[in-house]
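Participant: Any chance you could fold what I've pasted below:
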Amino acid sequence: MKRFSMFVLALVAIGASGLMRPEAVQARPTYLPIFKKEYAKLDQAKVDETKCGICHGGEKGANKKKLSKYAAELKKALEKTEGFEKFPVKGDDNIKAALKAAEKGDAGGGKTFGDLLKEGTFPAAAE
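Facilitator: Below is the predicted model:
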């Protein structure tokens, strides 16, 4: 009987651990290659080095919850994309359209994000 009780307890523990899964990660690996193609004037080596840090805070974009002002504009544009609730947004055309929409955002100093990117300057990092 003791052996059976331990077996049932083990099954319950395994079942409960399946219910306590960590928050799902939402990687967006397709965004960076499209960003690189759209903004070829940027220093591509720096883009490769910065990666997620272009939009996210922390060391090389490690803090995914912290967004730069540019990323906030991009997020607003992506939210208008059909199927946004099924993040990550798919389709190169959808992502390119969101990048173009984010260019219109105010980067400060009388410039838009599009102005900065066309000059080859990165938007300010997340604070």
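Participant: Direction included, what does the lengthiest strand in the chain pair up with?
Facilitator: In the chain, taking DSSP state E as the definition, the longest strand is strand 63-67. Partner strands for strand 63-67, per DSSP bridges, with pairing direction: strand 56-57 (antiparallel).
Participant: quick one: average pLDDT of the partner strand?
Facilitator: Averaging pLDDT along strand 56-57 yields 84.
Participant: In this structure residue 54 contacts residue 47, no?
Facilitator: Yes: counting by Cβ atoms under 8 Å, residue 54 touches residue 47, with 7.1 Å between them. From N, CA and C alone the C-beta is placed, and that goes for glycine too.
Participant: what residues do these two have in common as contacts?
Facilitator: 32, 35 (Cβ atoms under 8 Å, 6 or more residues apart in numbering).
Participant: Settle it for me: which of the two has more neighbours?
Facilitator: More crowded of residue 54 and residue 47, by other Cβ atoms under 10 Å: residue 54, with 23 against 17.
Participant: about what we covered before: following the longest strand of the chain, which helix or strand shows up next?
Facilitator: The helix or strand immediately downstream of strand 63-67 is helix 69-79, counting by DSSP states H and E.
Participant: Return the angle between stretch directions for that following helix and strand 63-67.
Facilitator: 90 degrees (axes from the mean of the first three to the mean of the last three Cα atoms, to 10 degrees).
Participant: got the residue ranges for the helices in the protein?
Facilitator: Remark: helices assigned in the chain by DSSP state H are 2-19, 31-38, 44-50, 69-79, 92-102, 113-119.
Participant: just those: most buried one?
Facilitator: For the helices of the chain, average neighbour numbers computed from mean count of other Cβ atoms under 10 Å are highest in helix 69-79, which has a mean of 19.
Participant: name the helices or strands packed onto that one?
Facilitator: Contacts defined by 3 or more Cβ pairs under 8 Å, 6 or more residues apart in numbering; DSSP states H and E place helix 69-79 against helix 92-102, strand 106-108.
Participant: Would you format the ones you listed as a markdown table with distance to residue 125 and mean pLDDT included?
Facilitator: Compiled in a markdown table, the helices and strands packed on helix 69-79 are given as follows (distance: least, Cβ to Cβ, whole Å; pLDDT from 0 to 100):
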| stretch | distance to residue 125 | mean pLDDT |
| --- | --- | --- |
| helix 92-102 | 15 | 89 |
| strand 106-108 | 12 | 90 |
